[in-house]
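In: Pasted the sequence and its predicted model underneath.
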Amino acid sequence: MQISISPCAPPEWDDFVDRQPQATAYHRAAAVEIGRQAFGLETFYLLARDPAGKLCGVLPLVEQSSVLFGRFLSSVPFFTYGGILSEDHEVAAALARAAGELGRQRRAKHVELRHSAPLSHVSLADRTDKVSMILQLPADESALSKQLGSKLRSQIKRAEREEPTIHWGGADLLADFYRVFTHAMHDLGTPVYSRHFFDCALSAMRGAIDVLVIKVRGRAEAAAIIVRHGDRIEVPWAACSPAGKRGALNMRMYWEMLRLAVSRGARAFDFGRSTVDSGTYRFKSQWGAQPLQLHWYYWLPEGADIPRLNQSNPKYEYAAKIWRRMPLWSANLIGPWLVRNLP
């Protein structure tokens with residue numbers, strides 16, 4: 001077996017990815033390139049080949065660097081999933097060692113591999129404080145409605161008083177989505193991705209990505225982006241205005257996403273990642289979603305601890321308080337420059 005590192009994906013990358021049961025939409029070469037396309041981030045493709053030269057394992061890594069957290073590599077940033085794809089445990093272990101060696105060469109504070117299943121035969125620190133919330137879907141909309149129960153149906157129906165209009169599309173709806181999304185992120189105290197980032201995401205995952213916007217009297221009040229891979233549909237980004245939440249448009253938004261997932265034959269809906277017992281965890285649980293344990297593995301320099309690049313870090317908490325006080329126009333101007341180096 002031979003391990004090599006390339007700045008670009010080999011021609012057979014996507015064919016290999018598509019054959020792997022643990023693959024996600026974010027392993028495909030165009031999706032891995034989103035960080036480079038949107039932010040100019042350096043990207044590495046780790047390749048394992050058997051004696052005949054055939055791919056038997058891959059690992060994409062994207063490098064980021066910030067004043068607060070130093071330099072680090074992730075597989076892959078901006079999304080929940082990534083990590084090693086391999087045909088056996090020996091190949092996975094070899095790719096993990098190569099990732100650590102690359103981390104040493106790049107003088108990284110850590111290397112993060114995002115997995116949704118345990119990695120056997122890999123000696124890396126394992127962070128397990130996050131879960132994905134997954135709802136198994138029935139075959140048709142009628143069965144879905146019954147599965148959700150009367151309380152949820154009542155909340156969804158409440159939105160009808162607002163006389164919402166439902167819009168599905170792609171790049172044509174991105175401006176409306178982004179308007180809702182930027183306000184929501186500012187309220188959370190979180191820097192927002194640039195509009196260009198979403199342009200790149202829609203282009204990279206063309207055919208597997210859709211935009212939903214819900215309007216009231218012509219104004220966008222709730223919006224989301226969904227991504228399909230295999231028989232699962234995931235919502236990596238969703239937002240609702242305060243007025244939309246008061247009118248239960250957030251509930252209607254999730255109902256519309258679930259309806260579409262069922263109509264397209266999806267067998268599961270991924271509500272995205274949460275911390276157990278957090279507010280978002282409880283919101284997703286009410287839909288019947290069940291937790292799927294995430295395993296994020298870390299190569300660390302000797303003596304280093306697993307990083308906390310999230311809201312549990314006091315640096316984040318302090319920054320969020322300041323961010324919420326900034327004018328929206330200022331946050332939207334500075335945010336994309338900051339978030340390019342947040343995982």
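Out: Here it is on my side, so go on.

In: where does the stretch 151-300 of the chain dip in pLDDT?
Out: In the predicted model, the stretch 151-300 of the chain carries pLDDT under 70 at residues 187-189.

In: could you pull out the helices for it?
Out: For the stretch 151-300 of the chain, helices defined by DSSP state H, counting those that start in this stretch occupy the ranges 174-188, 195-204, 242-246, 249-263, 279-285.

In: Now do the domain split for this structure, please.
Out: The chain is divided into the following domains under automatic domain parsing: 2-128+295-307, 132-292.

In: Format those domains as CSV; extra columns: mean neighbour count.
Out: Where C-beta positions appear, they are placed from N, C-alpha and C, glycine not excepted. Converted to CSV, those look like this (neighbours: other Cβ atoms under 10 Å):
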stretch, mean neighbour count
domain 2-128+295-307, 18
domain 132-292, 18
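
In: export the helices of the stretch 151-300 of the chain to TSV and tack on distance to residue 90?
Out: TSV is the format used below for those (distance: least, Cβ to Cβ, whole Å):
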stretch	distance to residue 90
helix 174-188	43
helix 195-204	31
helix 242-246	50
helix 249-263	37
helix 279-285	36
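
In: Tell me the secondary structure at the residue positioned nearest the centre of the chain.
Out: Closest residue to the average C-alpha location of the chain: residue 79 at 2.6 Å, with Cα atoms, centre = their mean. The assignment at residue 79 comes out as coil when based on DSSP: H, G, I helix; E, B strand; the rest coil.

In: Quick check: closest non-adjacent residue to it.
Out: The shortest distance from residue 79 to any non-neighbouring residue, by Cβ to Cβ, 6 or more residues apart in numbering, is to residue 26 (4.5 Å).

In: Residue 37 against residue 205, yeah?
Out: No. Here residue 37 does not reach residue 205: they are 12.0 Å apart, not a contact under Cβ atoms under 8 Å.

In: and the helix or strand where residue 143 lies with helix 249-263, angle?
Out: Take DSSP states H and E as the rule and residue 143 turns out to sit in helix 141-148. Using axes from the mean of the first three to the mean of the last three Cα atoms, to 10 degrees, the inter-axis angle of helix 141-148 relative to helix 249-263 is 130 degrees.

In: Show me the contact partners of helix 141-148.
Out: 137, 138, 153, 156, 258, 259, 262, 263, 287, 288 (Cβ atoms under 8 Å, 6 or more residues apart in numbering).

In: now do 7 Å
Out: The set of residues that contact helix 141-148 without belonging to it, under Cβ atoms under 7 Å, 6 or more residues apart in numbering, is 137, 138, 153, 258, 259, 262, 287, 288.

In: repeat for stretch 69-83
Out: With Cβ under 7 Å, 6+ apart as the test, stretch 69-83 has contacts from 24, 26-27, 32, 34-35, 59-65, 102-103, 106-116, 132, 236, 272-273, 307, 309, 343.

In: And stretch 237-255, by the same measure?
Out: Under the contact criterion Cβ under 7 Å, 6+ apart, stretch 237-255 has outside partners 155-156, 158-159, 161-162, 164, 180-181, 183-184, 212, 214, 221-225, 287.

In: And stretch 115-122, by the same measure?
Out: Here stretch 115-122 makes contact (Cβ under 7 Å, 6+ apart) with 22, 81, 83-84, 89, 92-93, 96, 132, 292, 294-297.

In: Columns distance to residue 42 on top of those, output as TSV?
Out: Converted to TSV, the contacts of stretch 115-122 look like this (distance: Cβ to Cβ, whole Å):
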residue	distance to residue 42
22	25
81	21
83	19
84	19
89	29
92	23
93	25
96	20
132	28
292	31
294	25
295	25
296	21
297	21
